[in-house]
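Trainee: For reference, the sequence and a predicted model appear below.
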Amino acid sequence: MKSTQRILLPILSLALAANFAFAAAPDSDIPQRKRQSPEAVRVVSANIRMPIAVDKKSGNDWDKRKELLRDVLLAQDADIICFQEFHPGYFDELKKSFPDYHAYGFVDTDEGRKVNTVFYSAKRFEKISEGGAFLSPTPDVYRSKVPESSHVRHFVRIHLKDRLTGRELLLWNTHFDHKSQVARDKQSVVLVDFLKKQPAGIPQIVAGDLNCPAETEAIKTIKAAGFTDSHTAIHGPGEPGYTYHGFKGLDYGRPRGKIDFVFCNDALRPAAAEIIKDSRSIDGVRRYPSDHYFLSAEFEYAKTKK
C-alpha cells in the first residue's frame, strides 16, 4: 500500500458499551472535583505511561496502578479525556469505567496502536468529524516525521457539537518528541499550521504532553497563534512546578518544569485549571497513577458576536 494511502487506514471510533460499569467508591480517598459552572467544558490531559518492563520491577506496572488511575480520572468528572501513551491493552479496562463515552484514536503503527486516544462524553457531545495527521513536513504521508524526531508523532482532531449549548468545538490531542527540542519546535509549527486553517471564531482546545516547558520555542509558537495556557490564565505566570515526576511525586529530584498543557483560543475562557497530584498508599508505598501528573482545565464559551 502506498504511503499516501496508509493515512486512510481504519481508525478507532467506538461507542463504548453502555452496560453497568464500576465507578469510584463513595468513600474513595480521591476527592471529587466540582465544576465552576454547569455549561463549562472540562478537559483532562493524561499521559498514562506505556507498558515498560522496568515498571514491573518497581511496582508501577499497569496492573498495580490501574485502579488508582481509574479513581483519579473518575474524580475529575471530565467531558473529554485526552490520553497520551495509550496502549491497546488499556482499552478494555478503561471503557468499563467510562461507559457513556465514545473513543477515537488515530492509527500510527502497523499494529494498530493509537497512543493519543481521546474519550469524550456522548451525552454531552455529538461528533461532527474526526481525523489526524503526522507532525512532519508531509503530514498526510503515513508515519512521516521531522528528521530530528526519535519517533513518529501525530495529532488527533475531533470536531464536536455541544448538545448542552449548541456550540461547536475542535479538540486536538498530541504528544511531541521526548528527546529533541529542534524536533519539538518543528512539530509545533506543523500543528499550528493546522490550527490556523480552522474556521474563524470556532472554539479550539489543544491538549497534550509537549515534553518542553513554557519558555521554549515550541510553546511560544502555539501561544503566538492565539492560544492561552489554561494553567497560566488561572494561576499566573509563576513557575508551576514539574508535571513529569517518574512515579516519585513530590520526591522527584530533577524538576523539568511543566511540560503538559491544555490550551484554548479566544473563543473560550479558562475558568479553572489544576495539576492533579492525587496519590494513594499501596502496600505501604506512595503510588501515583502515572509518571506524569495529569492536568485538568475547565472552559466557558465566549459570547458570540451578533
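Mentor: Cool, the structure landed.
Trainee: Using CSV, write out every CA atom in stretch 153-168.
Mentor: What follows is stretch 153-168, C-alpha atoms only, in CSV (Å, rounded to 0.1, in the frame of the first residue of the first chain):
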residue,chain,number,x,y,z
ARG,A,153,4.5,11.8,16.2
HIS,A,154,1.0,12.8,15.3
PHE,A,155,-2.1,14.6,16.5
VAL,A,156,-5.8,13.6,16.9
ARG,A,157,-8.5,16.1,15.9
ILE,A,158,-12.2,15.7,16.8
HIS,A,159,-14.9,18.2,15.8
LEU,A,160,-17.8,18.1,18.2
LYS,A,161,-21.1,19.7,18.7
ASP,A,162,-22.1,20.5,22.3
ARG,A,163,-25.6,19.2,23.0
LEU,A,164,-25.9,21.4,26.0
THR,A,165,-25.0,24.7,24.4
GLY,A,166,-25.3,24.1,20.7
ARG,A,167,-21.8,25.3,20.2
GLU,A,168,-19.2,23.6,18.1
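Trainee: Would you mind measuring from the nearest residue to residue 45 once chain neighbours are set aside to residue 107?
Mentor: Sequence neighbours aside, residue 207 is the residue nearest to residue 45 in space, at 4.1 Å (criterion: Cβ to Cβ, 6 or more residues apart in numbering). For the C-beta atoms, the positions are set from N, CA and C on the backbone; glycine is no exception. As judged by Cβ to Cβ, to the nearest Å, residue 207 and residue 107 stand 20 Å apart.
Trainee: When those two are compared, which one has more neighbours?
Mentor: Shown here are residue 207 and residue 107; by other Cβ atoms under 10 Å, residue 207 has more neighbours (30 against 21).
Trainee: Bridged to residue 42, which residues?
Mentor: For residue 42, the beta-bridge partners are residue 298 (DSSP bridges).
Trainee: so it touches residue 297, yeah?
Mentor: Yes: with contact defined as Cβ atoms under 8 Å, residue 42 reaches residue 297; the gap is 7.3 Å.
Trainee: Much appreciated, bye for now.
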